[in-house]
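Student: Next come a sequence and a model predicted from it.
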Amino acid sequence: MEAFGIGLRNHRVVELYLDQKTLERLPSSIEHLKELEIFCIRYGALSELPSTVGNLENLKELVVIDTGLKSVPESVGDLGKLKSLLIQDNDLRSLPLSVTNLTGLEMVMIYDNPFEPFPEKITQWMDSLRERGCRIGLER
(Lines give C-alpha, C1' and ligand atoms only; values in the text may rest on other atoms or scores of the structure.)
Protein backbone atom coordinates (compact mmCIF):
# COMPACT_ATOMS: atom_id res chain seq x y z
CA MET A 1 0.00 0.00 0.00
CA GLU A 2 3.00 2.24 -0.15
CA ALA A 3 1.62 3.31 -3.53
CA PHE A 4 -0.83 5.47 -1.60
CA GLY A 5 1.94 7.06 0.42
CA ILE A 6 1.32 5.05 3.56
CA GLY A 7 2.66 1.78 4.87
CA LEU A 8 -0.28 -0.29 6.08
CA ARG A 9 1.33 -3.64 6.65
CA ASN A 10 1.41 -3.19 10.44
CA HIS A 11 -1.92 -1.42 10.82
CA ARG A 12 -5.37 -2.88 11.35
CA VAL A 13 -7.43 -1.44 8.51
CA VAL A 14 -11.04 -2.59 8.54
CA GLU A 15 -12.55 -0.17 6.01
CA LEU A 16 -10.90 1.42 2.98
CA TYR A 17 -12.62 4.00 0.79
CA LEU A 18 -10.84 5.29 -2.30
CA ASP A 19 -12.53 8.12 -4.21
CA GLN A 20 -9.88 9.21 -6.68
CA LYS A 21 -10.41 10.17 -10.30
CA THR A 22 -6.71 9.58 -10.95
CA LEU A 23 -6.59 6.04 -9.55
CA GLU A 24 -5.48 3.77 -12.40
CA ARG A 25 -4.32 0.66 -10.58
CA LEU A 26 -4.19 -0.91 -7.17
CA PRO A 27 -0.94 -2.37 -5.87
CA SER A 28 -0.85 -6.14 -5.43
CA SER A 29 0.22 -5.45 -1.84
CA ILE A 30 -3.46 -4.81 -1.10
CA GLU A 31 -3.41 -8.42 0.10
CA HIS A 32 -1.59 -7.33 3.26
CA LEU A 33 -4.79 -5.77 4.57
CA LYS A 34 -5.87 -9.04 6.16
CA GLU A 35 -8.46 -7.42 8.45
CA LEU A 36 -10.17 -5.46 5.66
CA GLU A 37 -13.95 -5.95 5.73
CA ILE A 38 -15.17 -3.12 3.49
CA PHE A 39 -13.37 -2.06 0.33
CA CYS A 40 -14.94 0.72 -1.72
CA ILE A 41 -13.43 2.27 -4.85
CA ARG A 42 -15.27 5.02 -6.72
CA TYR A 43 -14.59 7.39 -9.58
CA GLY A 44 -11.24 6.23 -10.90
CA ALA A 45 -9.74 4.93 -14.10
CA LEU A 46 -9.28 1.43 -12.76
CA SER A 47 -9.64 -1.17 -15.50
CA GLU A 48 -8.82 -4.21 -13.34
CA LEU A 49 -8.47 -5.39 -9.77
CA PRO A 50 -5.25 -7.14 -8.78
CA SER A 51 -5.56 -10.90 -8.43
CA THR A 52 -4.38 -10.54 -4.84
CA VAL A 53 -7.79 -9.09 -3.94
CA GLY A 54 -8.83 -12.72 -3.46
CA ASN A 55 -6.49 -12.90 -0.45
CA LEU A 56 -8.61 -10.44 1.53
CA GLU A 57 -10.01 -13.26 3.63
CA ASN A 58 -12.17 -11.08 5.89
CA LEU A 59 -13.72 -8.96 3.15
CA LYS A 60 -17.48 -8.67 3.53
CA GLU A 61 -18.24 -5.86 1.10
CA LEU A 62 -16.62 -5.10 -2.25
CA VAL A 63 -17.79 -1.93 -3.99
CA VAL A 64 -16.44 -0.70 -7.34
CA ILE A 65 -18.44 2.18 -8.81
CA ASP A 66 -17.75 4.22 -11.92
CA THR A 67 -14.10 3.30 -12.42
CA GLY A 68 -14.14 1.83 -15.92
CA LEU A 69 -13.48 -1.65 -14.52
CA LYS A 70 -13.22 -4.13 -17.41
CA SER A 71 -12.45 -7.36 -15.57
CA VAL A 72 -12.75 -9.06 -12.22
CA PRO A 73 -10.06 -11.60 -11.32
CA GLU A 74 -10.90 -15.27 -10.80
CA SER A 75 -9.57 -14.90 -7.26
CA VAL A 76 -12.71 -12.98 -6.27
CA GLY A 77 -14.30 -16.41 -5.88
CA ASP A 78 -12.00 -16.98 -2.90
CA LEU A 79 -13.71 -14.25 -0.86
CA GLY A 80 -15.67 -16.69 1.27
CA LYS A 81 -16.96 -14.10 3.77
CA LEU A 82 -18.24 -11.68 1.11
CA LYS A 83 -21.82 -10.56 1.76
CA SER A 84 -22.15 -7.67 -0.70
CA LEU A 85 -20.81 -7.37 -4.24
CA LEU A 86 -21.52 -4.03 -5.87
CA ILE A 87 -19.91 -3.37 -9.23
CA GLN A 88 -21.86 -0.59 -10.89
CA ASP A 89 -21.36 1.84 -13.76
CA ASN A 90 -18.28 0.11 -15.17
CA ASP A 91 -17.26 -1.62 -18.41
CA LEU A 92 -17.67 -5.25 -17.36
CA ARG A 93 -18.73 -7.63 -20.09
CA SER A 94 -18.55 -10.78 -17.96
CA LEU A 95 -17.99 -12.16 -14.50
CA PRO A 96 -15.48 -14.89 -13.73
CA LEU A 97 -17.05 -18.32 -13.20
CA SER A 98 -15.42 -18.36 -9.77
CA VAL A 99 -18.15 -15.99 -8.49
CA THR A 100 -20.34 -19.05 -8.25
CA ASN A 101 -18.25 -20.00 -5.19
CA LEU A 102 -19.73 -16.98 -3.38
CA THR A 103 -22.77 -18.69 -1.92
CA GLY A 104 -23.14 -16.49 1.16
CA LEU A 105 -23.90 -13.27 -0.69
CA GLU A 106 -26.83 -11.21 0.55
CA MET A 107 -26.64 -8.50 -2.11
CA VAL A 108 -25.33 -8.44 -5.68
CA MET A 109 -25.70 -5.14 -7.53
CA ILE A 110 -23.95 -5.26 -10.90
CA TYR A 111 -26.01 -2.91 -13.03
CA ASP A 112 -24.92 -0.40 -15.66
CA ASN A 113 -22.29 -2.68 -17.17
CA PRO A 114 -22.34 -3.80 -20.84
CA PHE A 115 -22.65 -7.49 -19.94
CA GLU A 116 -22.76 -10.16 -22.60
CA PRO A 117 -25.22 -12.97 -21.87
CA PHE A 118 -24.19 -14.84 -18.74
CA PRO A 119 -23.09 -18.47 -18.94
CA GLU A 120 -25.68 -20.91 -17.63
CA LYS A 121 -23.57 -21.62 -14.54
CA ILE A 122 -23.73 -17.96 -13.49
CA THR A 123 -27.45 -17.74 -14.24
CA GLN A 124 -28.07 -20.82 -12.06
CA TRP A 125 -25.92 -19.29 -9.30
CA MET A 126 -27.97 -16.08 -9.37
CA ASP A 127 -31.21 -18.09 -9.27
CA SER A 128 -29.89 -20.01 -6.27
CA LEU A 129 -28.94 -16.79 -4.48
CA ARG A 130 -32.39 -15.31 -5.16
CA GLU A 131 -34.04 -18.41 -3.70
CA ARG A 132 -32.07 -17.80 -0.49
CA GLY A 133 -33.22 -14.18 -0.31
CA CYS A 134 -30.22 -12.44 -1.87
CA ARG A 135 -31.04 -9.08 -3.44
CA ILE A 136 -29.78 -9.05 -7.01
CA GLY A 137 -29.76 -5.99 -9.23
CA LEU A 138 -28.85 -6.35 -12.89
CA GLU A 139 -30.63 -3.25 -14.15
CA ARG A 140 -31.62 0.03 -12.61
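Tutor: Nice, thanks for sending it over.
Student: In terms of helix, strand or coil, where does the residue nearest to the spatial centre of the chain fall?
Tutor: Closest to where the C-alpha atoms of the chain average out (Cα atoms, centre = their mean) is L62, at 4.2 Å. Judged by DSSP: H, G, I helix; E, B strand; the rest coil, the three-state class of L62 is strand.
Student: Test of understanding: give the bridge partners of it.
Tutor: F39, L85 (DSSP bridges).
Student: how about low-confidence regions in this structure?
Tutor: 1-11, 140 (pLDDT under 70).
Student: What segments of it are helices?
Tutor: 120-131 (DSSP state H).
Student: Which stretches in it count as strands?
Tutor: Taking DSSP state E, the strands of the chain run over residues 15-19, 38-42, 61-65, 84-88, 107-109, 135-137.
Student: For the second one, which helices and strands make contact with it?
Tutor: The one in question is strand 38-42. Applying 3 or more Cβ pairs under 8 Å, 6 or more residues apart in numbering; DSSP states H and E, we find strand 38-42 packed against strand 15-19, strand 61-65. Bear in mind the C-beta positions are built from the backbone N, C-alpha and C, glycine included.
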